[in-house]
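Novice: Give me the fold of what follows.
(one chain, ligands or ions: 1)
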Amino acid sequence: MPPIKKMIGKKFGRLLVLKSLPKVKGKCFSYLCKCDCGKERNVDGSKLRSGHTKSCGCSRIKWTPAERRTLERYNGAKSRCKGNNKDYSDVKFLYNSFEEMVEDIGLCPEGMEIDRADPYGNYEPGNCRYVYRLKQASNQRMLKRNKSGARGVILNKHLNKFEARIAFYGDTVSLGYFEDFWEAHQTYLTYYFLKNDEYPPEFRAY
Ligand SMILES: [Zn+2]
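Specialist: Sure, this is the predicted structure:
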């Protein structure tokens, strides 16, 4: 089989094919590949195409729970943008690699999700952060009840702002008004933590 020009620039798992290597007699063509982790490695073309080799070897290394969680969020966001999800039809995923995202926003803390600071922007360096987010089901339940989308946040239609509120000794206390929904939500969560030293009930199963 001749060296396949088409292989150059292709991605197999974590490996990006950089160039074909001189043919060794009796062996199939091999390629110099660059792994997402930055290491370079020579890999047989057949092993790339069959999926036998997907990284420089680093994917076999044990991941920490935080790294695995972050990778899940990374892949989740990436596939939301690629799929047929209407909510994400004009959102692009512009991180080139998992490592690039980690360099940008660090590892994902437990119970948090990737969020775009500018909701009209893309998943890209400078526009992402981690936020606490309700599970989809409770999110919809809350939406019906308070029209803002999350526990502790109420949309004030007159002011066109989000109010964060928390029940405190039987009274509902206002924590302030916010232009930004997530800011209001984060404020509620911060106070909830101060008061209870744990996640609100909806977050526990997350
Ligand atoms: Zn690697």
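
Novice: so where do the helices sit in the chain?
Specialist: Secondary structure of the chain by DSSP state H: the helices cover 45-50, 65-82, 98-105, 136-146, 181-196, 201-204.

Novice: Can you pull the residues of the protein lying near the ion?
Specialist: 35, 37, 39, 55-56, 58 (C-beta under 5 Å from the ion). Quick note: C-beta positions are derived from backbone N, CA and C, even for glycine.

Novice: out of these, which is most surrounded?
Specialist: Highest neighbour count within those: Cys35, with 21 neighbours (other C-beta atoms under 10 Å).

Novice: Which strand residues bridge it?
Specialist: Taking DSSP bridges as the rule, Cys35 bridges to Leu15.

Novice: my guess is it meets Val43, correct?
Specialist: No: the pair formed by Cys35 and Val43 falls short of the contact definition of C-beta atoms under 8 Å, at 9.8 Å.

Novice: list residues touching both of these two?
Specialist: Common neighbours of Cys35 and Val43 (criterion: C-beta atoms under 8 Å, 6 or more residues apart in numbering): Leu15.

Novice: Buried residues, stretch 112-128. List them.
Specialist: 112, 114-116, 122-124, 127-128 (16 or more other C-beta atoms under 10 Å).

Novice: Quick one: end-to-end length of it, please.
Specialist: One end of stretch 112-128 to the other measures 12 Å (C-alpha to C-alpha, to the nearest Å).

Novice: Quick one: mean pLDDT over it.
Specialist: In this model, stretch 112-128 carries a mean pLDDT of 88.

Novice: tell me the domain ranges of this protein?
Specialist: 5-60, 62-133, 135-197 (automatic domain parsing).

Novice: Can you give me the end-to-end span of stretch 152-165?
Specialist: Stretch 152-165 has an end-to-end distance of 5 Å (C-alpha to C-alpha).

Novice: Show me the shaky parts of the protein.
Specialist: The chain contains residues with pLDDT under 70 at 1-4, 60-61, 133-150, 168-170, 195-206.

Novice: Let's see that with 80 instead.
Specialist: Along the chain, the parts satisfying pLDDT under 80 run over 1-5, 59-63, 83-87, 111, 119, 132-151, 167-172, 190-206.
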